[in-house]
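Asks: just coords:
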Ligand code: SAJ
């Protein structure tokens, strides 16, 4: 069986590689020539544990091909980005999905299966994708099969989750669901959950929304604890000992292309009703302002001039900076033009990102940990004696060890330094 996968990003590429490993003939398509070139040279263009090794294996199989243009296949998978539209409503922007679909039209034949893996707003398949194919004369469920099979893998654990997670398969008709199930069954060890397209769409965006709302609760709790001079980490640790409580972790905000985006798809479809979801987004998306304010307070207090940011990615141990709160905080600090801002991130290669940890901290007044990379759990590589002020503000609550000369500040003990009066609440 031949499968053509459009979009070789964080989801499409691992998916394509797993299909190839499972015995499918695969053609991976991406409009970005740099991605195709890198893959042709034998390298995977993203950082994801284990992916390069499996790629090395499938590349030499003779059933793997990458190209900028699609070709005929038995099944087509669309795994392209779905950002939200700029502006008030922040509705799901289906333009990349539709463009990918249109690019496939010349190659689609009767009996083919089309799968959308991209995260989409509830009802998109029924109301927007299906009509494109019907306009071409296809009868969905009879001459063509169409399903939404949302990806739900966690960056950093994509390979194992692709295989072991359960998988939602939402066909436009039951026959579409069956056809898609047959494909995913070849490599999914987890349960295959059969449903219809709109239920699959809503379940997927609701999973991320559930997490976003819970993180908002943790972020709000951390602010409340600060106001009341209570250590938020102690509260979370103790409350989570209850068998039915799982308070998430506060942080500098919620990033990535999932949690920071998908809840808007629900809000834009049901703006009057989705109040809690919208408010949670607001709480999480204003965390970078809150953290920036704290940083400014900490710097003012010591009359410092150099800030070193540790970690630019949206979360730990990956190289992805999409919607990263760390990047947003970096930009806010830069815009002030008050301090010298340095960024150290061993996972990110960008011109302004320092790779040498010593250069990043020399004469610095404050290290701000914004990402939970493993490298930051024990800051044993940092020459604190080279710093102007040996101060660390750990917004992720992950630093377990620093030199005893170092002042370690986090959301749990911040109240000892900065008193309440709501001074940290509003934008920087
Ligand atoms: N974060 C917190 N506190 C927490 C947990 C996370 O502040 O307690 C932050 C992270 O630092 C990060 C953001 O939230 O900035 C999102 O990270 P994440 O690890 O929660 O999730 P993603 O965005 O990497 O992946 C999510 C996953 N969804 C769920 O766990 C419900 C993944 O399974 C999905 O496949 C993925 O979204 C997606 O592509 O939709």
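Replies: That came through fine. Note that the structure is a prediction, hence the values are computed from the model and not measured.

Asks: how close does the closest residue to residue 346 other than its chain neighbours get to residue 65?
Replies: Taking Cβ to Cβ, 6 or more residues apart in numbering, and ignoring the residues beside it in sequence, residue 346 has residue 375 as its nearest neighbour in space, at 5.6 Å. For every residue, glycine as well, the C-beta is placed using N, CA and C. Residue 375 sits at a distance of 37 Å from residue 65 (criterion: Cβ to Cβ, to the nearest Å).

Asks: show the pLDDT at residue 86.
Replies: The pLDDT attached to residue 86 in the predicted structure is 88.

Asks: phi and psi next, for it.
Replies: Phi and psi for residue 86, reported as degrees, to the nearest 10, are phi -60, psi 150.

Asks: can you give me the distance of it to residue 253?
Replies: Distance of residue 86 to residue 253, given as Cβ to Cβ: 19 Å.

Asks: give me the more crowded residue out of these two.
Replies: Neighbour totals were compared for residue 86 and residue 253, and residue 253 leads with 26 against 8 (other Cβ atoms under 10 Å).

Asks: which residues sit against the one helix or strand residue 27 maps to?
Replies: Using DSSP states H and E, residue 27 sits in strand 25-29. By Cβ atoms under 8 Å, 6 or more residues apart in numbering, the list of residues contacting strand 25-29 from outside reads 1-8, 12-13, 16-17, 19-20, 39, 58, 63-71, 73, 103.

Asks: so is stretch 159-175 next to the ligand?
Replies: No: remark: stretch 159-175 sits outside contact range of the ligand, by Cβ under 6 Å from any ligand atom, the gap being at least 6.9 Å.

Asks: again, but for stretch 142-154
Replies: Yes: Stretch 142-154 is in contact with the ligand by Cβ under 6 Å from any ligand atom, via 151-154.

Asks: which parts of that stretch are buried?
Replies: Buried residues in stretch 142-154, counted by 16 or more other Cβ atoms under 10 Å: 144-153.

Asks: same deal with stretch 279-294?
Replies: Under the neighbour-count criterion of 16+ other Cβ under 10 Å, stretch 279-294 has 280-281, 283-285, 287-294 buried.

Asks: turn those residues into JSON lines, columns for secondary structure.
Replies: Written out in JSON lines, the entries for those read as follows (DSSP: H, G, I helix; E, B strand; the rest coil):
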{"residue": "280", "secondary structure": "helix"}
{"residue": "281", "secondary structure": "helix"}
{"residue": "283", "secondary structure": "helix"}
{"residue": "284", "secondary structure": "helix"}
{"residue": "285", "secondary structure": "helix"}
{"residue": "287", "secondary structure": "helix"}
{"residue": "288", "secondary structure": "helix"}
{"residue": "289", "secondary structure": "helix"}
{"residue": "290", "secondary structure": "helix"}
{"residue": "291", "secondary structure": "helix"}
{"residue": "292", "secondary structure": "helix"}
{"residue": "293", "secondary structure": "helix"}
{"residue": "294", "secondary structure": "helix"}
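
Asks: list just the nearest of the residues you listed to residue 341.
Replies: If you rank the buried residues of stretch 279-294 by distance to residue 341 using Cβ to Cβ, residue 292 comes first, at 11.2 Å.

Asks: quick one, what contacts residue 130?
Replies: Contact analysis of residue 130 by Cβ under 8 Å, 6+ apart lists 140, 146, 172.

Asks: go with 10 Å
Replies: Residue 130 makes contact with 114, 124, 138, 140, 144, 146, 172, 197, according to Cβ atoms under 10 Å, 6 or more residues apart in numbering.

Asks: just to revisit the earlier point, make a PyMOL selection of the buried ones in the contacts of strand 25-29.
Replies: Taking 16+ other Cβ under 10 Å as the burial criterion, the selection of buried members of the contacts of strand 25-29 in PyMOL is written as:
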select buried, resi 2+3+4+5+6+7+8+12+13+16+17+19+20+39+58+64+65+66+70+73+103
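
Asks: filter the contacts of strand 25-29 down to the ones in strands?
Replies: Taking DSSP state E as the definition of strands, the contacts of strand 25-29 contribute 2-6, 64-67.

Asks: give me every residue that touches the residue of the chain positioned farthest from its centre.
Replies: When each C-alpha in the chain is compared with the mean C-alpha position (Cα atoms, centre = their mean), residue 137 comes out farthest, at 37.0 Å. Residue 137 is in contact with 110, 143-144, counting by Cβ under 10 Å, 6+ apart.

Asks: 7 Å - rerun?
Replies: When the contact criterion is Cβ atoms under 7 Å, 6 or more residues apart in numbering, residue 137 has no partners at all.

Asks: swap in residue 79?
Replies: Applying Cβ under 7 Å, 6+ apart, one finds that residue 79 lies in contact with 5-7, 9, 11-12, 15, 117-118, 151.

Asks: just put those in a markdown table and tack on pLDDT.
Replies: Below are the contacts of residue 79 laid out as a markdown table (pLDDT from 0 to 100):
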| residue | pLDDT |
| --- | --- |
| 5 | 98 |
| 6 | 98 |
| 7 | 98 |
| 9 | 95 |
| 11 | 95 |
| 12 | 97 |
| 15 | 97 |
| 117 | 98 |
| 118 | 97 |
| 151 | 93 |
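
Asks: on that earlier part again, tell me the phi and psi of the residue farthest from the centre of the chain?
Replies: Summarising the backbone geometry of residue 137 under the convention degrees, to the nearest 10, its torsions are phi 100, psi 0.

Asks: what is the nearest of the buried residues of stretch 279-294 to residue 158?
Replies: Distance ranking of the buried residues of stretch 279-294 against residue 158, using Cβ to Cβ, places residue 284 first at 23.3 Å.

Asks: relative to the ligand, how far out is the closest one?
Replies: As for residue 284, its distance to the ligand is 8 Å (criterion: Cβ to the nearest ligand atom, to the nearest Å).

Asks: again, but for residue 189
Replies: Separation of residue 189 from the ligand (Cβ to the nearest ligand atom) stands at 16 Å.

Asks: that residue should be in a strand, yeah?
Replies: No: when classified by three-state DSSP, residue 189 is found to be coil rather than part of a strand.

Asks: ok, it - contacts?
Replies: Applying Cβ under 7 Å, 6+ apart, the residues near residue 189 are 163-164.

Asks: go through the contacts of residue 130 and say which is closest to the ligand.
Replies: Closest to the ligand out of these is residue 124 (15.0 Å), distances taken as Cβ to the nearest ligand atom.

Asks: contacting residues around the closest one?
Replies: 92, 94, 201.
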